[in-house]
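Generate a structure from the sequence data that follows.
(4 chains)
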There are 4 protein chains.
Amino acid sequence: MGGSSGAVRVGLIGTKFMGRAHSNAWLNVSRFFDLPSAVAMHAVCGRDKVDTPKFAQRWGWANSMTDWRQLIADGQVNLIDVGTPNDVHAEQSIAALEAGKHVACEKPLAGTLAKARQMRDAARKAKKCQTFVWFNYRRCPAVALAHNLVAKGRLGRIYHVRAAYLQEWGGPDTPLVWRFKGDVAGSGAHGDLNAHIIDMARFIAGDEVTEVVGSIEETFIKQRVIPGEAGAANKGSAGKGGKKRMGRSTVDDAVLFLARFKGGAVASFEATRLATGNKNRNTIEINGECGALRFNFERMNELEFYDATSDATTRGWTTIMCTDAAKHPYAAAWWPDAHVLGYEHGFVNQAADIVRMLAGKKPEVPMPDFEDAYKTQCVLEAAIVSAREKRQVAISEFK
Amino acid sequence: MGGSSGAVRVGLIGTKFMGRAHSNAWLNVSRFFDLPSAVAMHAVCGRDKVDTPKFAQRWGWANSMTDWRQLIADGQVNLIDVGTPNDVHAEQSIAALEAGKHVACEKPLAGTLAKARQMRDAARKAKKCQTFVWFNYRRCPAVALAHNLVAKGRLGRIYHVRAAYLQEWGGPDTPLVWRFKGDVAGSGAHGDLNAHIIDMARFIAGDEVTEVVGSIEETFIKQRVIPGEAGAANKGSAGKGGKKRMGRSTVDDAVLFLARFKGGAVASFEATRLATGNKNRNTIEINGECGALRFNFERMNELEFYDATSDATTRGWTTIMCTDAAKHPYAAAWWPDAHVLGYEHGFVNQAADIVRMLAGKKPEVPMPDFEDAYKTQCVLEAAIVSAREKRQVAISEFK
Amino acid sequence: MGGSSGAVRVGLIGTKFMGRAHSNAWLNVSRFFDLPSAVAMHAVCGRDKVDTPKFAQRWGWANSMTDWRQLIADGQVNLIDVGTPNDVHAEQSIAALEAGKHVACEKPLAGTLAKARQMRDAARKAKKCQTFVWFNYRRCPAVALAHNLVAKGRLGRIYHVRAAYLQEWGGPDTPLVWRFKGDVAGSGAHGDLNAHIIDMARFIAGDEVTEVVGSIEETFIKQRVIPGEAGAANKGSAGKGGKKRMGRSTVDDAVLFLARFKGGAVASFEATRLATGNKNRNTIEINGECGALRFNFERMNELEFYDATSDATTRGWTTIMCTDAAKHPYAAAWWPDAHVLGYEHGFVNQAADIVRMLAGKKPEVPMPDFEDAYKTQCVLEAAIVSAREKRQVAISEFK
Amino acid sequence: MGGSSGAVRVGLIGTKFMGRAHSNAWLNVSRFFDLPSAVAMHAVCGRDKVDTPKFAQRWGWANSMTDWRQLIADGQVNLIDVGTPNDVHAEQSIAALEAGKHVACEKPLAGTLAKARQMRDAARKAKKCQTFVWFNYRRCPAVALAHNLVAKGRLGRIYHVRAAYLQEWGGPDTPLVWRFKGDVAGSGAHGDLNAHIIDMARFIAGDEVTEVVGSIEETFIKQRVIPGEAGAANKGSAGKGGKKRMGRSTVDDAVLFLARFKGGAVASFEATRLATGNKNRNTIEINGECGALRFNFERMNELEFYDATSDATTRGWTTIMCTDAAKHPYAAAWWPDAHVLGYEHGFVNQAADIVRMLAGKKPEVPMPDFEDAYKTQCVLEAAIVSAREKRQVAISEFK
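Residues are numbered from 1 along each chain as shown, chains lettered A, B, ... in the order given. All right, here's what the predicted structure looks like:
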């Protein structure tokens, strides 16, 4: 372990959306949770020499720097938190593991399966280091409860898994930002959103995908306005006397696929940035012999449960407000019943579990490490191969 | 009984909205229900000499006439169905009872308490006649199920009854039709809508109101355009060169009141035609020691039930689709599960129960007769007295 | 045309679930709609000599018989209504067309693509006859409104079609009734449920499927108890001293497939009898450049609409209660606003449109004839070929 | 002002539920908001000598103490945050104002009207001090948006205000904790919950209550188990060989009242701890001539809006996800669209507005000061007087 006993001393790489979400988690985790170790926000690393110190001050990081290798080399740090874009996860995580640090990496594990495999292999080698992946939705209390109910057998044999992550921000007026460039982003909605729901499906169902049966990879908007140029901000117009220049989007806008689980369930997955009307609808439904579950992140405090073994007179979908301190995962750390939680609470809950695991304790619900996240990456890969080669793809094709 | 043995031979008075709803009920009841007696649509009575025969032909009434006394005198008829405006319920019903006919009368029982009392007294006297009041929502399967759940003790001691019937059609552009004239209509939203929810609350809770604690009777729109005159149809304008003539609305647009039930529950009731956004939101919630119920007619196939005795891990509001033939009231007569029912089905269900009761059988759930409907009328009266005299009013003030 | 001028004189074949739904439609259509022609319920044909006359009497059919060829030969009948199982649709419909009758046939068009093609060809030949297919959900007002909104361009370019028809009655305790026998039923959930949502998707989107990209055909419950034998009713037990005998289910329990539309939309379809918790969830969502739509039959009076062109401050999913007589399809025929409709109203609405079309008038929204229903059948076929041959299947492979 | 220029230096009194909520607000406000002044968590004051320093350390308060007068005397503090029980609000707030400090006080303003009046008067006198009351729900983005829509005239003339705050935790098994003791708590659900919804109703409607028409004050559970004694935890039993001792609850479990607003709206208010099934249902609906609004805190990210001026074809209740950074109050400070917020965010938003106002800037939406909160207190008082004296009570009776 990289450092002396006791406190978890975090070094964060990344100061954008995820840098902010992780900073908030580390800042607040010790206020709400009673943890076995102290948490020190030791240092943050960003690329901008002006902004990074400001970010550090704002969020309470003791130090800041712009060279991530320097952060990894810092003997004070024992946990590297990787909150950067997908294409650098592998390099940074592997370096951290080789330096003997624990690593908490943003999802998806990597931009490509090859890099994800390198990360998994590095984690296998670094026997003293623990790895964690920020599949934050697992630690949304309703999702954790769903996992628990399935684990207790409340659904019985599972027939159907129906997962979709629907967003709408990728319309034709959205300019050609880096997220639409394949070389930087790796993929579009697929890595961003399908990664989440594949992980959620595996986590809740407690089962593994064995095969992708069919897949569609679609780029609806093939040309987008190059940002920063005339007209980019002028929806639908060519700007003042200028012409808006267009560039090619090289990522998917949507990926849909059908799959089979080892236990016999059939499944559908869909991720899209063009599902008009759905801002952040991360949703899953699972139907089993004894019951069923439904979750929609836009109403994240609620889990819908159907108990097929109850009296049919009063049977139906029950909306569970997952905020009961005595009964629901993570709820005791927060507020009284139905004083609802929000998006960032999943990150704080995950930070709590990371601290617990680093102290040798168990997390509240299972935590994905690099080994586990690699399995999700294989499903992502299988879906793309299926779409491009127009064939069924077994997960066992990947090692 | 007015007639020979066997068939129920119906004579209907009224050919407007309720005439249509009742005709549909009598036409369809024998198709869907297995009944102990045949139903004959013997005659319908309306005021218009041209329209009434057409109405009769359309709906399958064997005869038509325009004098309701003639209908009551008809020896072939053994059930008089009163589907007329409130101000003539008493005269027609009492005449029918005196002629030895059974009577099924539209709600509310009457336009005034005095007349309602006469009807109750006439029913008491006519010992061989049965009386029925078309509080149709009782026979909406979800409402009937609510009644059954309370009767089985699933709610335990009841704390709260919260009933509201919200409509929106009474805005300032709605002209001064007869419904806004007190001498014809008796009251506005109060008799029309509060009558329904007082009956529903009594029916589901299985308890009686003892006191109205406070009440508001409000006419928001005091002047309305006289229909048929220039400008009536020209929203907000005075028409071409003309002036729209305004007349005074002499009924309530809304009545709200607080009440107490004998069993200790506190209650609120509200009826309004100006609850913008709510087209026909007839809604009730009841909270008890062991559970709770919620119903909203706009989603009439669903009953929400909360079982406070169940495990808190999965406790919540359960949305019951009340269409299970084996378990839910009236459901076996209709379609497969979740092939949902609509507004008029409550009338058909009630017609079935009337036929059963006339054959000496029990209805599926309790049926309001004139005696019972008089109790609802007393609550209506108490609310108005409370609003006008600005005081608490005990139901026992009325006999 | 088979008969004299004027009235539509219906001859119905079928006395089970659909026989009942169609009878109700013919009985009530003239009560609620003002039609250009009278409707005569001339005769019904069933297989049982005892039950068929009873059925006729119950529903008001003037005559009954047990030989459907006799019905078709009846010169009084000008419309044959085919409400029988899928495997006899072709024979009966073709005979009727050859006899010069108009034909209204239950969906799906046929049990096999070959038979469906024969029906289409017969319809092409019978130039004086009109054909109709009972895809009843088209005439649910909310679905018809959805069609109209898309037709008016309110969604713009369509990106996604997401359709699922979820039922739950096919659990392991359900015995091996005819619906699980492939030789009788043709298919399981696929022909029963996917037929509906393929038609709905085509109808609402106003577009045609060009390709099935991938498909899963799954029989979760491979062995079922043979009904009528010991233990069939004893859930999970072998009965008293007896052994329950099991037989093989030879139909799908669920079929899921991904598809592409001509206009560029990507689509998912799913039909299942094992989606625990979902009794009759016929649901579709369509996302387009300018807006989106959502429908769920279990709340059939509501259409959810998202107008992406409206001010973002108040933008969101709007729940439209589709009961406004002045604005919504079919609503004027029924009750006041938000006096909601049920399952069978779609059939009555379709009966009204059939009568209108037979009189040379236009239906309220487009009506599927055999030509049109054949296109739906091709998509059904493509999904099965895709699942069995594990490949993408173009609809153009079928003629 | 108590202190030098620049930073807001907070001294908090209270370390329980509200102490925690306020600490979280002060800790996080500068991370999410760009504020005109720095915020210093200077000191916290609690009653327990052991727990208070721990609390200070946990939440990042620089100092801790147990004598609130010492805190008020501290020259470093310029804002006293009163997070204590209602019965000490007046004494602490007045002392702070007299010491020249700004005061942010928890709601309700005080336990009695007399004390609230003293606070208001003290605030009037302390001309250099600003006062704030933590009616946190105003700063829930959906509630703030509701306020803005009414302010823009989107509802037109308001007819109905329907507010209810429903909780369920006060069942017969809940022991006689301090919240059920009138001398400590002042009132039960009334001061706790009605205070919130009276403030919300005034805030959103932009109007003042003029009269309470009728009111019910009810204590359903008159005797409760004295906590800490044998049997308190044994639901319904007397414990092993012991007898549970009961004590009298001296607060209301529920208060319902009807009221009128100056602008002509009629209103109902209800607060209860015995609305089984409702954990934290703080809900309001307002119906106006041009539109309507609905809010339910359990789905706090959503506001339902009905625009009665839109085309009836697509009119309905629109569910607005109030998380659009460009359009919705406070949203820009937090996460991307539909990355939803939780309970405590309202406190953070309020802290931001307090900091802004102390720097002479405007808050995002109007902030209640002691003057304003006194108006809410008058309505609370009127409801109690109405219930006890069984009469209508004008707000003008109170000065």
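
Now do the SS call for the residue lying closest to A:Val29 once chain neighbours are set aside.
Among residues not flanking A:Val29 along the chain, A:Ala351 sits closest, at 4.1 Å (CB to CB, 6 or more residues apart in numbering or on different chains). For glycine as for every other residue, the C-beta is placed from the backbone atoms N, C-alpha and C. What DSSP: H, G, I helix; E, B strand; the rest coil gives for A:Ala351 is helix.

Now do A:Ala351: how many residues are near it, please.
By the criterion of other CB atoms under 10 Å in any protein chain shown, A:Ala351 has 30 neighbours.

Pull the contacting residues for it.
Going by CB atoms under 8 Å, 6 or more residues apart in numbering or on different chains, A:Ala351 touches A:22, A:25-26, A:29, A:39.

got it, and A:Asn136?
A:Asn136 makes contacts with A:21, A:107, A:346-347, A:350, as judged by CB under 8 Å, 6+ apart.

mind listing the helices in the stretch 251-399 of chain A by residue range?
In the stretch 251-399 of chain A, the segments counted as helices under DSSP state H, counting those that start in this stretch are A:345-358, A:370-389.

List the buried residues of the shortest one.
So that's helix A:345-358. A:345-358 (16 or more other CB atoms under 10 Å in any protein chain shown).

Number of residues surrounding A:Gly46?
24.

Surely it touches A:Thr66?
Yes. Look at A:Gly46 against A:Thr66 with CB atoms under 8 Å: they come within range, at 6.4 Å.

How much space separates the residue of the stretch 151-300 of chain A found nearest chain B from A:Asp207?
Nearest to chain B in the stretch 151-300 of chain A, going by CB to the nearest CB, is A:Arg154, at a distance of 7.9 Å. Distance, A:Arg154 to A:Asp207, by CB to CB, to the nearest Å: 15 Å.

between these two, who's got more neighbours?
A:Arg154 (21 against 18).

The more buried one belongs to a helix?
No. Under three-state DSSP, A:Arg154 sits outside any helix and is assigned coil.

Quick check: chain neighbours aside, which residue is closest to it?
A:Gly291 (5.2 Å).

Also A:Met246?
Once flanking residues are discounted, A:Met246 sits nearest to A:Gln223: 4.3 Å by CB to CB, 6+ apart.

ok now do that neighbour, which residues does it touch?
A:246-249 are the contacts of A:Gln223 under CB under 8 Å, 6+ apart.

Mind checking which of those are in strands?
Among the contacts of A:Gln223, DSSP state E puts A:246-248 in strands.

For A:Ala56, give me its contacts.
A:43-44, A:62-64.

thinking again about what came up before, how close does the residue nearest to A:Arg154 sit to A:Asp207?
Note on A:Gly291: its distance to A:Asp207, by CB to CB, is 16 Å.

Equivalent analysis for A:Thr309, please.
Using CB to CB, A:Thr309 is found at 21 Å from A:Asp207.

Over to A:Asp87. Which of the three states is it?
Applying three-state DSSP: A:Asp87 is helix.

how many neighbours does it have?
Using other CB under 10 Å, A:Asp87 has 15 other residues around it.

From what I see, it and A:Val184 are in contact.
Yes. Because the distance of 6.2 Å satisfies CB under 8 Å, A:Asp87 is recorded as touching A:Val184.

By proximity to chain C, which residue of chain A wins?
A:Gly214 (1.1 Å).

How about the contacts made by the residue of the stretch 151-300 of chain A closest to chain B?
So A:Arg154 contacts A:290-291, A:305, A:307, B:314 (CB under 8 Å, 6+ apart).

Mind checking which of the residues you listed land in strands?
Counting by DSSP E, the contacts of A:Arg154 contribute A:291, A:305, A:307 to strands.

which residues of the stretch 51-200 of chain A fall in helices?
A:51-59, A:68-73, A:89-98, A:113-125, A:141-151, A:182-185, A:189, A:195-205.

which stretch in those helices is the model least sure about?
Lowest mean pLDDT of the helices of the stretch 51-200 of chain A: helix A:182-185, a mean of 85.

Give me the next element, helix or strand, following that helix.
Proceeding N to C from helix A:182-185, the next assigned helix or strand is helix A:189, under DSSP states H and E.

Need the contact partners of that following helix.
Around helix A:189, the neighbours that count as contacts under CB under 8 Å, 6+ apart are A:165, A:167, A:170, A:251-255, A:271-273.

Put together JSON lines for the residues you listed, with neighbour count, distance to chain B and pLDDT on each row.
Listed next are those as JSON lines, based on neighbours: other CB atoms under 10 Å in any protein chain shown; distance: CB to the nearest CB, whole Å; pLDDT from 0 to 100:
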{"residue": "A:Tyr165", "neighbour count": "27", "distance to chain B": "24", "pLDDT": "98"}
{"residue": "A:Gln167", "neighbour count": "23", "distance to chain B": "27", "pLDDT": "98"}
{"residue": "A:Gly170", "neighbour count": "25", "distance to chain B": "33", "pLDDT": "96"}
{"residue": "A:Val251", "neighbour count": "24", "distance to chain B": "39", "pLDDT": "96"}
{"residue": "A:Asp252", "neighbour count": "27", "distance to chain B": "36", "pLDDT": "97"}
{"residue": "A:Asp253", "neighbour count": "24", "distance to chain B": "34", "pLDDT": "98"}
{"residue": "A:Ala254", "neighbour count": "27", "distance to chain B": "31", "pLDDT": "98"}
{"residue": "A:Val255", "neighbour count": "27", "distance to chain B": "32", "pLDDT": "98"}
{"residue": "A:Ala271", "neighbour count": "31", "distance to chain B": "29", "pLDDT": "98"}
{"residue": "A:Thr272", "neighbour count": "31", "distance to chain B": "28", "pLDDT": "98"}
{"residue": "A:Arg273", "neighbour count": "26", "distance to chain B": "31", "pLDDT": "98"}
